[in-house]
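Engineer: Model the structure of this input:
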Amino acid sequence: MQVWQNELNAWAPARRTRWSAVPCYFSAALVLLLALAGPRPSLAQATLHTILTNGPSSNRLNVVVLSEAYNSTDLTAKFLTDATNAVNNLLSYQPYQEYRSYFNAYAISVVSAQSGADHPAYSTFKNTYFNSSFDLVDYIITIPPNTQQNTLYADGQGKVDALLQSLMPQCGLPILLVNDPTGGGSGGPLCIISSADTSSFPEITVHESGHTLGGLGDEYGYAYADLAAVTNQQPNTTQTTNLLSIKWNAWIPANTPIPTPQSNQYAGVVGLFQGARSSSNGWYRPQLDCLMRNLDDQFGVPLPFCKVCSEALVKAICQKARPIDAFSPATNSLFLTTTQAVAFSVAPLQPATHHLSVQWFTNGVAVPGATNATHNLLPQNFPNGTYTLQAQVRDLTPLVRNDPSNLLSATVSWSVNISLRQVTIDSAHWLSGGQFYFRLSGGAPHGFVVQASTNLTSWTSLSTNNLVNGQFYFTNSGLANLSRRFYRALLLP
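Structural biologist: Okay, here's the model as predicted:
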């Protein structure tokens, strides 16, 4: 039933043992039972709280945790604690931990008339703000999607969208935290988790975030009827066995069998392992095991994301938070008329344990040795004209091998117009017959006067000229007794 398929990535919660997917079946009876529970409350008063601030929301991945099924008592007593736990648990896992500085986190508190979600399997129905409900096997939590087709039934996703648009429109990862003692959740456009999992089973939060943030698919091969007709491939799932067509082939070591045997020999290797998207055959995943397949290993140790899933998540993070946090000068166009040095700088958004690379360019050519966050431009080192100065910041993390969209790179550009009112004399050269020439170059928008002196006190004007393409050659041809003199050029006002 489409109304209830907000989550197409099903899982069964772990109890500190290996877990597998359990099929979830929706029926018309479920829709009828929930509809009979009566209309839900309309939009209510909501409050935005700050959990974590690392920088401007315009350049951060903003996590927003929304309260669901918290009555007035629970909302005051425990929601912010539950929300903070959920955020801290999420950011304690890699690659989130490495990029913690790229995140802000907020909570939106909105009261429900009752605590606890619906449990149709037990004929339990609650009056909550977003109308959260478990499935018939009491594992998967969903809310009604964004539709107004059933006027009797409140629009759960529409309320989420309205609150985010009003209080945090730059949200990058929405999490609906359901105040219910039963562990469960779902992933899709909205990450939904039970408050029971924020401390008891934090891997569920992280697993579901992989769906919502990274667009990752489930990697288990257990049958799930609602996914039988799904054919779209995700960053970590594929149906091809052609090595060159595998999206993660940059991670596959040479001589790795394709498909890859599901044995301990290849436990830490990226390859092509059969079983994913709730299909035991025909769909493939990158590694033997991963958090998108199981919450923990056979010894009960929590599993990490595999290399391919981790790469997808890093790129998703960097799509929301670019590696340049700030730059100076703030204006992108400068007009320079003096020789005073101009300081340019960028502020890289540094991850936890590795540094970003910086390279400065002038007109697209890398400036040798200019790899610091600051760069001083000396106008007198350039002929008058317009130049493009760029600072490129790149994240060379080994967590990413394939970044065709350059999400881990950012460039700031300045247009610099140099127009110095000064002339230099150089390139003096003797000619035959006591003749000579020298060159004048620089900037003289209104022309200049060449003067000569024998004592550096009294000066005689010899000629008035204009620079052509930034230079002019003066010769003493036709002028007598000018071989032993001092020369200078005066700019005309």
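
Engineer: For this structure, which residue occupies the most central location?
Structural biologist: Note on the chain: the residue nearest the mean C-alpha position is C318, at 2.0 Å, using CA atoms, centre = their mean.

Engineer: residues contacting that one?
Structural biologist: 99, 102, 395, 407-408 (CB atoms under 8 Å, 6 or more residues apart in numbering). Any C-beta I mention is one placed from the backbone N, CA and C, and that applies to glycine too.

Engineer: low-scoring stretches of the stretch 101-250 of the chain, by residue?
Structural biologist: Screening the stretch 101-250 of the chain residue by residue with the criterion pLDDT under 70, one finds the ranges 147-154, 197-200, 222-231.

Engineer: And T331, how far from W414?
Structural biologist: When distance is defined by CB to CB, to the nearest Å, T331 is 8 Å away from W414.

Engineer: still on that earlier bit, so which of the contacts of C318 wins on neighbours?
Structural biologist: Counting neighbours by other CB atoms under 10 Å, Y102 comes out on top of the contacts of C318 with 26 neighbours.

Engineer: Ramachandran angles for L163?
Structural biologist: The phi and psi torsions at L163 (degrees, to the nearest 10) take the values phi -70, psi -40.

Engineer: Output the residue ranges of the strands in the stretch 151-300 of the chain, listed in chain order.
Structural biologist: Counting by DSSP state E, counting those that start in this stretch, residue ranges of the strands within the stretch 151-300 of the chain are 171-178, 185-186, 191-194, 273-276, 279-285.

Engineer: could I get these as TSV with mean neighbour count and distance to G116?
Structural biologist: Formatted as TSV, the entries for those read as follows, by neighbours: other CB atoms under 10 Å; distance: least, CB to CB, whole Å:
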stretch	mean neighbour count	distance to G116
strand 171-178	25	8
strand 185-186	29	15
strand 191-194	29	10
strand 273-276	22	34
strand 279-285	19	34
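
Engineer: ok so, going back, would you mind checking which of the contacts of C318 is nearest to P253?
Structural biologist: When the contacts of C318 are compared for distance to P253 (CB to CB), L408 comes out closest, at 22.7 Å.

Engineer: residues in contact with the closest one?
Structural biologist: Residues 314-315, 318, 323, 394-397, 400 are the ones in contact with L408 under the rule CB under 8 Å, 6+ apart.

Engineer: and if we set it to 7 Å?
Structural biologist: 318, 323, 394-395, 400 (CB atoms under 7 Å, 6 or more residues apart in numbering).

Engineer: Now do the strands in the stretch 301-450 of the chain.
Structural biologist: Chain-ordered strands for the stretch 301-450 of the chain, with DSSP E, counting those that start in this stretch as the definition, fall at 324-328, 333-336, 342-348, 357-362, 365-366, 374-377, 385-394, 409-418, 422-430, 436-443, 448-453.

Engineer: and of those, who's closest to A46?
Structural biologist: Ranking the strands of the stretch 301-450 of the chain by their distance to A46 (criterion: CB to CB) puts strand 324-328 first, at 29.5 Å.

Engineer: Which residues does that closest one contact?
Structural biologist: Contacts of strand 324-328 with the rest of the structure, by CB under 7 Å, 6+ apart, involve 55, 59, 344-349, 391, 393, 410, 412.

Engineer: Can you say which of these are buried?
Structural biologist: Among those, the ones that count as buried by 16 or more other CB atoms under 10 Å are 55, 59, 344-346, 348-349, 391, 393, 410, 412.

Engineer: now these in a markdown table, with pLDDT and distance to A162?
Structural biologist: Shown next, in a markdown table, are the buried ones among the contacts of strand 324-328 (pLDDT from 0 to 100; distance: CB to CB, whole Å):
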| residue | pLDDT | distance to A162 |
| --- | --- | --- |
| G55 | 95 | 26 |
| N59 | 96 | 25 |
| F344 | 97 | 43 |
| S345 | 97 | 41 |
| V346 | 97 | 37 |
| P348 | 96 | 36 |
| L349 | 96 | 31 |
| A391 | 98 | 40 |
| V393 | 98 | 36 |
| A410 | 96 | 32 |
| V412 | 97 | 36 |
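
Engineer: which one of the residues you listed sits closest to V301?
Structural biologist: Here the nearest of these to V301, counting by CB to CB, is L349; it sits at 31.9 Å.

Engineer: ok now do the closest one, which residues does it touch?
Structural biologist: For L349, the contacting residues are 101-102, 321, 323-325, taking CB under 7 Å, 6+ apart as the criterion.

Engineer: The same query, at a cut-off of 10 Å, please.
Structural biologist: 54-55, 59-60, 99, 101-102, 318, 321-326, 356, 393, 395, 410 (CB atoms under 10 Å, 6 or more residues apart in numbering).

Engineer: hmm, back to that, and the two most separated of the buried ones among the contacts of strand 324-328?
Structural biologist: The two members of these with the most space between them (CB to CB) are G55 and F344, at 20.7 Å.

Engineer: quick one on the thing from earlier: can I get the buried ones among the contacts of strand 324-328 in JSON lines with distance to S477?
Structural biologist: Output for these, formatted as JSON lines (distance: CB to CB, whole Å):
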{"residue": "G55", "distance to S477": "66"}
{"residue": "N59", "distance to S477": "63"}
{"residue": "F344", "distance to S477": "45"}
{"residue": "S345", "distance to S477": "50"}
{"residue": "V346", "distance to S477": "52"}
{"residue": "P348", "distance to S477": "57"}
{"residue": "L349", "distance to S477": "62"}
{"residue": "A391", "distance to S477": "49"}
{"residue": "V393", "distance to S477": "55"}
{"residue": "A410", "distance to S477": "56"}
{"residue": "V412", "distance to S477": "50"}
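
Engineer: now N85, what's its secondary structure?
Structural biologist: For N85, the secondary structure call by DSSP: H, G, I helix; E, B strand; the rest coil comes out as helix.

Engineer: what's the burial count for it?
Structural biologist: Neighbours around N85, by other CB under 10 Å: 19.

Engineer: How about R421?
Structural biologist: If you count neighbours by other CB under 10 Å, R421 ends up with 16.

Engineer: For it, give me the pLDDT.
Structural biologist: Each residue has a pLDDT score; the one for R421 is 75.

Engineer: what's it in contact with, if anything?
Structural biologist: Contacts for R421 (CB under 10 Å, 6+ apart) come out as 337-338, 384, 442-446, 448, 491-493.

Engineer: the more surrounded of T331 and W414?
Structural biologist: When T331 and W414 are compared on other CB under 10 Å, the one with more neighbours turns out to be W414, at 18 against 8.

Engineer: Would you confirm that the more buried one contacts S333?
Structural biologist: Yes: when contacts are counted by CB atoms under 10 Å, W414 is listed as touching S333 (7.1 Å).

Engineer: In the stretch 201-350 of the chain, mark out all the helices, start to finish.
Structural biologist: All helices of the stretch 201-350 of the chain, identified by DSSP state H, counting those that start in this stretch, fall at 202-214, 307-320.

Engineer: name the helices or strands packed onto the first one?
Structural biologist: So that's helix 202-214. Packed against helix 202-214 by the contact rule (3 or more CB pairs under 10 Å, 6 or more residues apart in numbering; DSSP states H and E) you find strand 61-68, helix 79-90, strand 171-178, strand 185-186, strand 191-194, helix 197-200, helix 307-320.

Engineer: of all those, which lies closest to G275?
Structural biologist: Among the helices and strands packed on helix 202-214, helix 307-320 comes nearest to G275, with 14.9 Å by CB to CB.

Engineer: Tabulate the CA atom coordinates of that closest one in PDB.
Structural biologist: Presented in PDB, the C-alpha positions along helix 307-320 are these (Å, rounded to 0.1, in the frame of the first residue of the first chain):
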ATOM      1  CA  LYS A 307      34.600   1.000   1.900                       C
ATOM      2  CA  VAL A 308      32.100   1.600  -0.900                       C
ATOM      3  CA  CYS A 309      29.300   2.700   1.500                       C
ATOM      4  CA  SER A 310      31.800   4.900   3.400                       C
ATOM      5  CA  GLU A 311      32.800   6.600   0.200                       C
ATOM      6  CA  ALA A 312      29.200   7.300  -0.700                       C
ATOM      7  CA  LEU A 313      28.600   8.900   2.700                       C
ATOM      8  CA  VAL A 314      31.700  11.100   2.500                       C
ATOM      9  CA  LYS A 315      30.500  12.400  -0.800                       C
ATOM     10  CA  ALA A 316      27.100  13.000   0.500                       C
ATOM     11  CA  ILE A 317      28.600  14.900   3.500                       C
ATOM     12  CA  CYS A 318      30.800  17.000   1.200                       C
ATOM     13  CA  GLN A 319      27.800  17.800  -1.100                       C
ATOM     14  CA  LYS A 320      26.200  19.600   1.900                       C
END
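
Engineer: Right, I'll leave it there.
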